[in-house]
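Undergrad: what follows is a predicted protein model with its sequence.
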Amino acid sequence: MLAFSAFSGGRVEVRARAKVNLGLEVLGRRADGYHELRSVIWAIELADRVTLEASGVDITLECAAPDVPRTPDNLAWRAAELVRQETGTATGLRIRIEKRIPVAAGLGGGSTDAAAVLAGFRSLRRSGPGPRRLGAIGVALGMDVPFFLGRSPALAWGRGEELRTLRASTGLSLVLANPGFPLATRDVYGRLEPADYGDGRRVDALVMALRRGAQAIAATVTNGLERAAARLWPGLAEVKAALLEAGCLAALMSGSGPTVLGIAPSHRAALRIRDALGTRPWRLWVTHTVTGPALTIRRAEPARGRPGLGPRRAGTTWGVAKW
């Protein structure tokens, strides 16, 4: 039986970054109904801000974004429920999400928020499940969640939950184009055809290219879900063509879409490309890849025994960068 323990107090803020898939191959359908994948995933600076505070006995979730549920259906809420069950914690949790990552966009927005709750919960309590156990809880929430609990970039395989950190010689400047509507992952996978399956060699080539710079990476990016997504959204080809015409080295859909990423020659070029596409009916961002931990935690708590000095801030050390 799990022992009940209270939080140590204070507030935790987590910078929950999005991700892009620079390479993704679907190798086939597994006996358990999932698909076997091979993918290169990289965190990016576009991020949500997730704040956790101990509050009452219930879980509550606040978010101003109209397309984000504030109910137990939300992945961050489910993460809080699972980690409370794991630790036997009776204290309630107040979750606030400042949403910047678009929903159902192939950027892992829901998964990174869930990972932020798992990691932030541990920081708030100053104890709890270790990285391996949190990773197992993450798998129960979704296959992208374990990535956000670790380091970037990473090679993912299996259902996407098996991970190995990769080395890259350089970061990438990116232009993201989102058409402004969601695309459900299950719908995209449901439109896969046998000819869409790969053998993993394209992703393996991308892993090698990570050490050779942006030009080599751009020449080897791949996404085996693009043809399935295009069966639902024929406009995918137009977005890719526009990014290339505006000056990107390569363009591909991220994850199950519909967000399309363009690899720019530089940050300055990325800004020019974004401006050139400004009249298009898409949401556009300039961002860059992040090497290292995908989450960043900041802990804020009152200074003890030193009234009038305001909050004292300290960073955690478990698997997450400080900011």
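TA: Alright, I've got the coordinates. Because the structure is a prediction, the values reported are computed rather than measured.
Undergrad: helix, strand, or coil at Ile297?
TA: State at Ile297, reduced to three classes by DSSP: H, G, I helix; E, B strand; the rest coil: strand.
Undergrad: quick one, domains of this protein?
TA: Domain segmentation of the chain under automatic domain parsing yields 11-164+292-314, 167-290.
Undergrad: Serialize the ones you listed to CSV and add fields for mean neighbour count and mean pLDDT.
TA: No exception for glycine: its C-beta is placed from N, CA and C like everyone else's. Formatted as CSV, the domains of the chain follow (neighbours: other Cβ atoms under 10 Å; pLDDT from 0 to 100):
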stretch, mean neighbour count, mean pLDDT
domain 11-164+292-314, 20, 88
domain 167-290, 18, 97
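Undergrad: any chance you could map the strands in the stretch 201-323 of the chain?
TA: Along the stretch 201-323 of the chain, counting by DSSP state E, counting those that start in this stretch, strands occupy 222-223, 250-253, 260-264, 283-290, 292-293, 295-302, 311-314.
Undergrad: mind listing what the first one pairs with, with the direction of each?
TA: Within its sheet, strand 222-223 is paired with strand 11-29 (parallel), according to DSSP bridges.
Undergrad: beyond the strand it pairs with, next helix or strand please.
TA: Moving toward the C-terminus from strand 11-29, the next helix or strand (DSSP states H and E) is strand 35-54.
Undergrad: that following strand: partners in the sheet, and parallel or antiparallel?
TA: With DSSP bridges as the test, strand 35-54 is paired with strand 11-29 (antiparallel), strand 93-98 (antiparallel), strand 154-158 (antiparallel), strand 283-290 (antiparallel).
Undergrad: quick check: longest helix in this structure by residues?
TA: Of all segments of type helix in the chain, defined using DSSP state H, the longest is helix 109-125.
Undergrad: using CSV, write out the CA atom coordinates for that one.
TA: The C-alpha coordinates for helix 109-125 follow below in CSV (Å, rounded to 0.1, in the frame of the first residue of the first chain):
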residue,chain,number,x,y,z
GLY,A,109,1.4,19.8,-27.6
GLY,A,110,-0.7,17.5,-25.5
SER,A,111,2.2,15.1,-24.8
THR,A,112,4.6,17.8,-23.7
ASP,A,113,2.0,19.3,-21.3
ALA,A,114,1.5,15.8,-19.8
ALA,A,115,5.3,15.3,-19.5
ALA,A,116,5.5,18.7,-17.8
VAL,A,117,2.9,17.6,-15.2
LEU,A,118,4.9,14.4,-14.5
ALA,A,119,8.2,16.1,-14.1
GLY,A,120,6.8,19.2,-12.4
PHE,A,121,4.9,17.0,-9.9
ARG,A,122,8.2,15.3,-8.9
SER,A,123,9.8,18.7,-8.4
LEU,A,124,6.9,20.1,-6.4
ARG,A,125,7.0,17.1,-4.0
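Undergrad: tell me what the very next helix or strand once past that helix is packed against?
TA: Using DSSP H and E, the helix or strand that follows helix 109-125 in sequence is helix 131-141. Using 3 or more Cβ pairs under 8 Å, 6 or more residues apart in numbering; DSSP states H and E as the contact test, the elements touching helix 131-141 are helix 75-87, helix 109-125, helix 145-148.
Undergrad: at 6 Å what do you get?
TA: The elements that helix 131-141 packs onto, with contact taken as 3 or more Cβ pairs under 6 Å, 6 or more residues apart in numbering; DSSP states H and E, are helix 75-87, helix 145-148.
Undergrad: could you dump those helices into TSV and include distance to Pro182?
TA: Output for those, formatted as TSV (distance: least, Cβ to Cβ, whole Å):
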stretch	distance to Pro182
helix 75-87	14
helix 145-148	19
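Undergrad: please, where are all the helices along the stretch 201-323 of the chain?
TA: In the stretch 201-323 of the chain, helices defined by DSSP state H, counting those that start in this stretch lie at 201-209, 214-220, 226-232, 236-246, 267-276, listed in chain order.
Undergrad: how about TSV for the ones you listed, with distance to Leu37 added?
TA: Output for the helices of the stretch 201-323 of the chain, formatted as TSV (distance: least, Cβ to Cβ, whole Å):
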stretch	distance to Leu37
helix 201-209	9
helix 214-220	17
helix 226-232	13
helix 236-246	20
helix 267-276	28
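Undergrad: right, so of those, which gets closest to Leu24?
TA: Within the helices of the stretch 201-323 of the chain, the stretch nearest Leu24 is helix 201-209; the backing value is 7.3 Å (Cβ to Cβ).
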